[in-house]
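Student: model this:
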Amino acid sequence: MIVLDPAHGGVDSGSQISETTVEKNVTLALAFRLRSLLTARGFSVVMTREEDASAVPNAAGSALTLDDRAGIANHAHAAACLVLHATRSGNGVHLYRSELEASEGQASLVPWLTAQAAWIPQSQHLESQMAAAFSRSGVGLVASTASVRPIDSLTCPALVVELAPSGDDADSINDTDYQQKVALALAGALVFWQNQVQPPARLSPPAIVAVGQATTSDAAGVQP
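Tutor: Numbers count the residues shown, from 1 in each chain. The predicted model follows:
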């Protein structure tokens, strides 16, 4: 299972790429291309949105909150989640993983805003796979870290994939061949990745020491 999160939507247009292009439309277009390639390769794909949401806040179909998006991804028990963004700055693809420090494993009770910590090693591995795929495809790549919600709350390997124009013209970000080239690189990396993903080690719940006895807490588990 792969989760694709096309950022923004509805009243949240994201950044202004050009006079005629806004981020929310670019992320959705890239998500559709990538979903098509992934399903053709045998993947199950969940998208956090499949259309532009209502422009009326809190109406049916209105834009998802960041916590909503993280909840969808975590519920899917995904092998990977890609949070798709777009920018007019730079060229090629900007790849980000969470800047949280890696934890030793996944605890029984996971703080929502640092849930990704247990998955940092796997996210780093996925980032390496993606970087190699973009190098082979000739797409420019900048890799870094950032705390971009909802990525810090995801309980699976997760990366932000930010698409930038292919050249000096900001609207080149909409070029179908360019978007397809990026989507092919992502799909190819995920094909290699699917048999390598490993969940983090489970940490034992902390003991609760009472007067005269020691017991183990009945902490609720969080599934990756």
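Student: Got the phi and psi for residue 27?
Tutor: Taking degrees, to the nearest 10, you get phi -60, psi -40 for the backbone angles of residue 27.
Student: swap that for residue 80, sorry
Tutor: The phi/psi pair for residue 80 (degrees, to the nearest 10) reads phi -170, psi 150.
Student: any idea what sits nearest it, other than its immediate chain neighbours?
Tutor: residue 157 (4.8 Å; C-beta to C-beta, 6 or more residues apart in numbering). Glycine gets a C-beta too; all of them are placed from N, C-alpha and C.
Student: Was I right to think that neighbour contacts residue 126?
Tutor: Yes. With contact defined as C-beta atoms under 8 Å, residue 157 reaches residue 126; the gap is 4.6 Å.
Student: Show the contacting residues for the closest residue to residue 31 other than its chain neighbours.
Tutor: Nearest residue to residue 31, sequence neighbours excluded (C-beta to C-beta, 6+ apart): residue 6, at 4.1 Å. Going by C-beta atoms under 8 Å, 6 or more residues apart in numbering, residue 6 touches 24, 27-28, 30-31, 47-49, 84.
Student: TSV for those, including secondary structure?
Tutor: Formatted as TSV, these follow (DSSP: H, G, I helix; E, B strand; the rest coil):
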residue	secondary structure
24	helix
27	helix
28	helix
30	helix
31	helix
47	strand
48	coil
49	coil
84	strand
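Student: Relative to residue 77, which of the residues you listed is nearest.
Tutor: Residue 77 lies nearest to residue 48 out of those, by C-beta to C-beta, at 15.0 Å.
Student: Quick one: neighbours of that closest one, just the number.
Tutor: 23 (other C-beta atoms under 10 Å).
Student: what are the phi and psi values for it?
Tutor: According to degrees, to the nearest 10, residue 48 has phi -70, psi -20.
Student: Which parts of the protein are helices?
Tutor: 23-40, 66-75, 120-137, 176-193 (DSSP state H).
Student: related to what we said a few turns ago, contacts only, for the residue nearest to residue 80.
Tutor: Counting by C-beta under 8 Å, 6+ apart, residue 157 touches 79-81, 119, 122-123, 125-126, 193, 197.
Student: ok, now how distant is the residue nearest to residue 31 from residue 128?
Tutor: 24 Å (C-beta to C-beta, to the nearest Å).
Student: what distance separates stretch 79-90 from the centre of its chain?
Tutor: Mean-position distance between stretch 79-90 and its chain equals 7 Å (C-alpha atoms, centre = their mean, to the nearest Å).
Student: tell me how far the ends of it are from each other?
Tutor: Stretch 79-90 stretches 29 Å from its first residue to its last (C-alpha to C-alpha, to the nearest Å).
Student: Show the average pLDDT along it.
Tutor: Mean pLDDT, stretch 79-90: 96.
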